[in-house]
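S.K.: coords below, sequence missing:
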C-alpha cells in the first residue's frame, strides 16, 4: 500500500513528527509512506486544508496513493474538504479506536487528524498508535465481524452514490481555478512522487502538463 501524508500550513511545523510516526508503522507493515509536505520550511508552497482535499483526490484517483493521511488544527476542515472531492472517503480520528473503527466499518481511503486541538504530552505516541490501529487489518473487514457483510454493503452503496453525485475528477481539474490547482501541486517533492507512482491516464497527463 502507498500511503501519502499531506499537511496544511497551520500545522506544517509538526510534519516531521507526524511522518516519523507514520513511516515507523508503514515500514513495519510493509507499506510505503510518502511525505508530500508541507515540511515547515521557509519559502515553501502553501497548502490550505481545502487544498489538502484536492490533493488527496488527485493522489487517490490517479493511484499515486492508496491511502491519504491528512489533518489540520481540529481535523474537521481537512476531513470536510476531502469529502468534498471525488473518490475520497475521509474519516476523523482523535484516538486509536476512532482510526480502527473507521478503517473496519467505513472502509475509507483517507483519515484526518487534529494536530493542534489536544495535541500535547504524548501526542507522538498517540499518532503512532492511531496509525497502528488504522492499518492493523485489511481495510473494510468489518467490526464486529458478524456485522461485516451489511457494513461492506453499506460502504459500497456510499461509494456508488458518491460516484453518481460527483463529477469525474478530470472534469473538476479542467473547471477549477488553474492557479489554485497549480499551487496545490507545487510542493517540493510532488512532481517526483507523482511521476513515479501515478498510473498512466488522463489525470496524470493533465497534472503533468502543469509542469511542462
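M.R.: Great, that's in hand. The structure presented is a predicted model; accordingly, all values stated were derived computationally and were not measured.
S.K.: The helix ranked longest in the chain: which residues count as buried?
M.R.: Longest helix of the chain, by residue count under DSSP state H: helix 148-165. Neighbour counts using 16 or more other C-beta atoms under 10 Å place 151, 155 of helix 148-165 among the buried residues. Using the backbone N, CA and C atoms, a C-beta is placed for each residue, glycine as well.
S.K.: Name the next helix or strand downstream of it, please.
M.R.: helix 169-175 (DSSP states H and E).
S.K.: Now the next helix or strand after that following helix: buried residues?
M.R.: Downstream of helix 169-175, the first helix or strand assigned by DSSP H and E is helix 178-184. Of all the residues in helix 178-184, those buried under the rule 16+ other C-beta under 10 Å are 181, 183, 184.
S.K.: tell me what helix 178-184 is packed against?
M.R.: Contacts defined by 3 or more C-beta pairs under 8 Å, 6 or more residues apart in numbering; DSSP states H and E place helix 178-184 against helix 49-61.
S.K.: mind checking which helix or strand of the protein has the lowest mean pLDDT?
M.R.: helix 148-165 (a mean of 93; mean pLDDT, DSSP states H and E).
S.K.: can you give me how far it is from the chain middle?
M.R.: Helix 148-165 sits 19 Å away from the centroid of its parent chain (C-alpha atoms, centre = their mean, to the nearest Å).
S.K.: what residues does it touch?
M.R.: 86, 87, 89, 104, 105, 106, 107, 140, 141, 142, 143 (C-beta atoms under 8 Å, 6 or more residues apart in numbering).
S.K.: okay, now the fourth one: neighbour count?
M.R.: In this case it means residue 104. By the criterion of other C-beta atoms under 10 Å, residue 104 has 23 neighbours.
S.K.: how close does the spatially most central residue of the chain sit to residue 58?
M.R.: The C-alpha lying nearest the average C-alpha coordinate of the chain belongs to residue 68 (C-alpha atoms, centre = their mean; 2.2 Å). According to C-beta to C-beta, to the nearest Å, residue 68 stands 10 Å off from residue 58.
S.K.: hang on, isn't residue 60 packed against residue 89?
M.R.: No. Residue 60 lies out of contact with residue 89 (C-beta atoms under 8 Å); the separation is 9.4 Å.
S.K.: So between the two, which is more surrounded?
M.R.: residue 60 (24 against 17).
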